[in-house]
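1. Structure, please.
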Amino acid sequence: MKKIFLNLIKRIRKFLDWLWNQEGSTSERALGFGVGIFSGCFPFFGLQTLMGVLLAKVFRGNSILAALGTWISNPFTYVPLYYFNYRIGSLLLNKDKNIVDFSHITTNELWSQGWYLSSRLIMGSICVGFTAGLIGGLCLYFLLKRISTSI
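-> Presented below is the predicted three-dimensional model:
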C-alpha cells in the first residue's frame with residue numbers, strides 16, 4: 001500500500017512539473033489560464049474546454065493552461081457557481097426586483113421565464129468569469145514572475 005501511495009505522489013509531482021514548465025512566456029501562460037477560468041464560468045457543459053482553447057488561440061495564450069482553467073467548473077462547483085452567476089446577473093439586469101420562485105412554478109411558466117433566467121445567468125457568467133479570470137491570470141502571472149526571478 002505504501003508503494004502505491006509513493007508511486008501516486010511521484011506521478012502527481014511529475015504532472016505538476018510538466019504543467020509548471022509549459023511553453024510560452026509568463027504572460028502567455030497566465031493569459032491562457034485566465035481565459036480558461038473565464039470560459040469555465042459559463043454553463044456550456046462540454047463546450048467550456050473548447051471555448052477556452054479557442055479563446056487562448058485567439059489571444060495567443062497557452063492552450064493547455066486554458067483547458068486547465070476551465071476546471072473551475074466541475075460537478076462539485078456547478079450548482080454554487082451558476083447560482084452565484086445567476087444572482088450577479090439578476091443584480092445587474094433586474095429592474096422589477098421580481099425573483100423567480102421555483103417552488104410554485106409550472107412547466108409552462110418555466111418556458112416563459114426562459115429568457116429571464118438565461119439572460120441573467122449569461123450576464124452573471126460574463127461578469128464573474130471576467131473577474132475570476134483576471135484575478136486567476138494575474139495571480140499566476142505574479143507567481144511565475146516571482147519564481148522565475150528567484151531561480
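
2. Contacts only, for the residue nearest to Gly34 when sequence neighbours are not counted.
-> Distances taken as CB to CB, 6 or more residues apart in numbering put Gly137 closest to Gly34, at 2.5 Å, once the chain neighbours are dropped. Where C-beta positions appear, they are placed from N, C-alpha and C, glycine not excepted. Going by CB atoms under 8 Å, 6 or more residues apart in numbering, Gly137 touches 30-31, 33-35, 37.

3. What remains of the residues you listed if I keep only buried residues?
-> 30-31, 33-35, 37 (16 or more other CB atoms under 10 Å).

4. want to try CSV for those, with distance to Leu8, pLDDT and secondary structure as columns?
-> Formatted as CSV, those follow (distance: CB to CB, whole Å; pLDDT from 0 to 100; DSSP: H, G, I helix; E, B strand; the rest coil):
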residue, distance to Leu8, pLDDT, secondary structure
Ala30, 29, 92, helix
Leu31, 32, 94, helix
Phe33, 25, 94, helix
Gly34, 30, 95, helix
Val35, 31, 96, helix
Ile37, 27, 96, helix
